[in-house]
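S.K.: What follows is a predicted structure for the sequence shown.
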2 protein chains.
Amino acid sequence: MNVPRLVDHDQRRAELGEAAIRVILREGLAGVTVRGVAAEAGWSTGSLRHYFRNQHELQAYVVQATTDTLRRRVLPRAQRPRTQGSVVEQIASIVEEMLPLDDERREEYALWSAVVEWERQHPPEGGSVAWNDQRALHRQCIAALRGYEPVREPSQAMLPHPDAQVELWAALLHTFVDGLASQIMNTPGQVSAGTAAQLLRSLLEAVPRGPLDDESGRDRP
Amino acid sequence: MNVPRLVDHDQRRAELGEAAIRVILREGLAGVTVRGVAAEAGWSTGSLRHYFRNQHELQAYVVQATTDTLRRRVLPRAQRPRTQGSVVEQIASIVEEMLPLDDERREEYALWSAVVEWERQHPPEGGSVAWNDQRALHRQCIAALRGYEPVREPSQAMLPHPDAQVELWAALLHTFVDGLASQIMNTPGQVSAGTAAQLLRSLLEAVPRGPLDDESGRDRP
DNA sequence: CTTAAACTAGCACATGCGTGTTAGTATGTG
DNA sequence: CACATACTAACACGCATGTGCTAGTTTAAG
């Protein structure tokens, strides 16, 4: 039987995905058009459409690829051990990985925004992936701030923490960080990276310490 | 001398502005196209372009009109006196006027978003009007929470408060409220109006009370 | 080498956009 | 009534988009 050239579809889609991510960084999710991505990848639209039947499929794939990329890049960075500075300083440096404070993280934030935009237009059934990931991260941070050991299995952080104060302050911090990121991007003239970092630390200082925490009075005489 | 029919340009522009606001509510600022607004108003594009030379002029006018409308609608509502409930409850009900908790305020939030989007693309020289208005509101709220009398002149609230803690917590609250609004709109499945209201109250409870406040221990036995 | 299948490149069509132009209409003064 | 002017409606052009279609090219089995 005759068999023609075979192409690894998954690999071609991945190539297209990378081109599409570059387009998102330049023009946002709305710029992810069939023509635009094909041009960015150096293909013709006809070729592209052998791997994505229409724009919707293309965007859906790109959003999925973006989510995976972000999870691989940001979450591990937030989990790398930090030994310097006070507890607040350590937690702050973790949370800052989610904030658009420099070019690299501004790019990542633009990618998160594209995911959020897509999820707003096409609500996923199991709830927002991006939101749940970020909530888990903040939950871990607040738990650490209150003296709890980090969980071993990352999947455990997806579940509510038994300490209700951890849940509450994780929500407060998560909301605050979202607002901080949004203000840095939308009104950079009013909120600089420096003020954002300061505000973050002020909020963390206000988190009530847990009964297990032995550093509550650390900086006081 | 012959004088043809005269039309009140300002009034026509205002008519167009109202149509454009309806378009923003339906499709966002990007939906404010010459054709789209003309159709919404029941005009032809040719007529519309006698009052707005191009799309930029149209959008600039609409953003200005929207800002004015919002200032007239939201700010006074936040200033109406509240006598029931604890201080936290009173402040919460003021701040909630800024949150997209019901259909009316969701509409207003969509309009604010359009203003922010415009200001991001065309940064105003004196800083973001929307941002400064909101910061002043939150400053007033925190000041009240710490026992200060409300200022007489609304323009005074645009200046920093002498109490540094007021400035700090106004910034924290402002950021938090922005995040809350963004989460309600972007991930409504995760953050409902009810949880948002609860989170707001939890944050307000955490604001340190000022030396002038005589209600600090109000709810304690 | 032949050939069937997979792939590629490009074109065509319909739609929607901003904007410029132009013919036609309404209106108030003379 | 006549007319100059403001206004209205419609069209035309160029551009970008999504999507369907088709002729040509590559590849590997027979």
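M.R.: On my side now, so go ahead.
S.K.: mind checking pLDDT for the nearest residue to A:Ala114 once chain neighbours are set aside?
M.R.: Spatial nearest neighbour of A:Ala114, chain neighbours left out: A:Leu29 (4.1 Å); criterion: CB to CB, 6 or more residues apart in numbering or on different chains. Where you see a C-beta, it was placed from the backbone N, CA and C, and this is true even at glycine. The model reports A:Leu29 with a pLDDT of 96.
S.K.: so A:Leu29 makes contact with A:Gln59?
M.R.: Yes - A:Leu29 lies in contact with A:Gln59 (CB atoms under 8 Å); the separation is 6.8 Å.
S.K.: overlap in contacts of those two?
M.R.: Listed as contacting both A:Leu29 and A:Gln59 by CB atoms under 8 Å, 6 or more residues apart in numbering or on different chains are A:Trp118.
S.K.: The two: which has the busier surroundings?
M.R.: For A:Leu29 versus A:Gln59, the count of surrounding residues by other CB atoms under 10 Å in any protein chain shown is larger for A:Gln59: 24 against 21.
S.K.: Once you drop chain neighbours, what's closest to the more buried one?
M.R.: A:Val32 (5.4 Å).
S.K.: neighbours around the one you found, how many?
M.R.: The number of residues packed around A:Val32, counting by other CB under 10 Å, is 22.
S.K.: can you pull the contacts of it?
M.R.: The neighbours of A:Val32, taking CB under 8 Å, 6+ apart as the test, are A:Ala20, A:Val23, A:Ile24, A:Gln55, A:Leu58, A:Gln59, A:Val62.
S.K.: And the residue nearest to A:Ala114, how close does it get to B:Arg26?
M.R.: Shown here: A:Leu29 relative to B:Arg26, a distance of 20 Å by CB to CB, to the nearest Å.
S.K.: next one: A:Asn54
M.R.: As defined by CB to CB, A:Asn54 lies at a distance of 24 Å from B:Arg26.
S.K.: show me what contacts A:Asn186?
M.R.: The contact partners of A:Asn186, taken as CB under 8 Å, 6+ apart, are B:Val116, B:Glu119, B:Arg120.
S.K.: contact partners of the helix or strand hosting the first one?
M.R.: If I follow you right, that is B:Val116. Under the criterion of DSSP states H and E, B:Val116 resides in helix B:103-121. Contact with helix B:103-121 is made by A:185-187, B:21, B:24-25, B:28-29, B:59-60, B:63, B:66-67, B:69-70, B:73-74, B:97-100, B:128-130, B:181, B:185, as judged by CB under 8 Å, 6+ apart.
S.K.: Also stretch A:35-45?
M.R.: Among residues not part of stretch A:35-45, those counted as contacts by CB under 8 Å, 6+ apart are A:Glu15, A:Leu16, A:Ala19, A:Ala20, A:Arg22, A:Val23, A:Glu27, A:Val34, A:Ser47, A:Leu48, A:Leu58, A:Val62.
S.K.: DNA strand C next: which of those residues are close?
M.R.: Filtering the contacts of stretch A:35-45 for neighbours of DNA strand C using CB under 7 Å from any atom of the strand leaves A:Ser47.
S.K.: ok, of the contacts of stretch A:35-45, which come out buried?
M.R.: The neighbour-count criterion (16 or more other CB atoms under 10 Å in any protein chain shown) marks A:Leu16, A:Ala19, A:Ala20, A:Val23, A:Val34, A:Leu48, A:Leu58, A:Val62 among the contacts of stretch A:35-45 as buried.
S.K.: okay, those residues in CSV with distance to B:Glu40, pLDDT and secondary structure next?
M.R.: Supplementary listing: the buried ones among the contacts of stretch A:35-45 in CSV, determined by distance: CB to CB, whole Å; pLDDT from 0 to 100; DSSP: H, G, I helix; E, B strand; the rest coil:
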residue, distance to B:Glu40, pLDDT, secondary structure
A:Leu16, 38, 92, helix
A:Ala19, 37, 94, helix
A:Ala20, 33, 95, helix
A:Val23, 31, 96, helix
A:Val34, 29, 95, helix
A:Leu48, 36, 92, helix
A:Leu58, 31, 95, helix
A:Val62, 33, 95, helix
